[in-house]
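Participant: Mind looking at a prediction? Sequence and model below.
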Amino acid sequence: MKVIGLAGWSGAGKTTLLTRVIPHFLKEGLRVSVIKHAHHAFDVDVPGKDSWQHRQSGAEEVLVSSGKRWALMHELRGASEPRLPELLAKMSRVDLVIVEGFKSEPYRKIEVYRAANGKAPLFPDDPGIVGIAADAALETALPVVHLDDIPAIAAMMQRSAISVEDVLARSAGVNDVR
C-alpha cells in the first residue's frame, strides 16, 4: 500500500482533481482510498437517526452497515486527534491512499496550485511537496504538470507515493521526505 498526499489552499481544486484522478487510477486497475482531514466539526450521520442517537447517548464507536456500505464513526470525547499513521493503520489495504490535509505529517505531497486564488504557493515552505499540479507556470526545480493533464498528474502521484511502512517510519521522527 502506497501513500501520496494533495496539498493546497482552499479553492485550489483538490477535490475536483481527486474526482478526476481516481477514475483514471481505477481504469489502470488500482484500488484507491482517500483520507481527508477536516479543520472543523463535521458529521457524517443524520441527526435523529438511530446511529446518531447512539453517538449522542455516549457510544464511543458506532458502526452502521448495509448491503451497500458500512461506516464506522468514532467519537474522540476529548481525546487527542489521531495522527495520520494511526488512521492509515485503520485503512483496508489498497494500492494507493490519497491523503488530503495533515500538512504537518511527514509524507510526500503534490501541491494543487491555482493562480486565481491569489495565494502564494506552499512548496517553498513545505519540504514534503515533491511535485505541483498547477494552472500557471511556476519557477521551481520541482516537477510541474498542468492541472488538466490527468495522466501526467496520476503518473507523478504514483512515482512520488511512498509505502505506508515508510510513512510510519518517517512519523517516528524523520522529517526529510524528499
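Facilitator: Yep, that arrived.
Participant: ok, residue 36 touching residue 100?
Facilitator: Yes: assessed by C-beta atoms under 8 Å, residue 36 is found in contact with residue 100 at 4.7 Å. Quick note: C-beta positions are derived from backbone N, CA and C, even for glycine.
Participant: Please identify which of these two sits among more neighbours.
Facilitator: Neighbours were counted for residue 36 and for residue 100 using other C-beta atoms under 10 Å; residue 100 has more, 19 against 14.
Participant: which ones are touching that one?
Facilitator: Taking C-beta atoms under 8 Å, 6 or more residues apart in numbering as the criterion, residue 100 is in contact with 5-7, 14-15, 18, 34-37.
Participant: Okay, and the beta partners of it?
Facilitator: Beta-bridge partners recorded for residue 100 (DSSP bridges): residue 6, residue 36.
Participant: 703 is where my numbering starts, stick with that
Facilitator: With the count now opening at 703, the last piece we talked about shows up as residue 802.
Participant: Kindly state the pLDDT recorded for it?
Facilitator: pLDDT, residue 802: 92.
Participant: Then residue 818?
Facilitator: For residue 818, the model assigns a pLDDT of 94.
Participant: what's the answer for residue 876, then?
Facilitator: pLDDT, residue 876: 46.
Participant: re earlier: if any of the contacts of residue 802 are buried, put those into a ChimeraX selection.
Facilitator: Selecting only the buried entries of those in ChimeraX, with 16 or more other C-beta atoms under 10 Å as the criterion:
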select :707,708,709,716,720,737
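Participant: buried ones in the longest helix along the chain?
Facilitator: Assignment by DSSP state H gives helix 716-729 as the longest helix of the chain. Within helix 716-729, the residues that count as buried by 16+ other C-beta under 10 Å are 716, 719-720, 723-724, 726-727.
Participant: and what of stretch 746-759?
Facilitator: Buried residues in stretch 746-759 (16+ other C-beta under 10 Å): 747, 753-754, 756-757.
Participant: just stretch 788-795 next, same as before
Facilitator: 789-790.
Participant: Distance from the chain centre to the longest helix of the chain, please.
Facilitator: In terms of C-alpha atoms, centre = their mean, to the nearest Å, the centre of helix 716-729 is set 12 Å apart from its chain centre.
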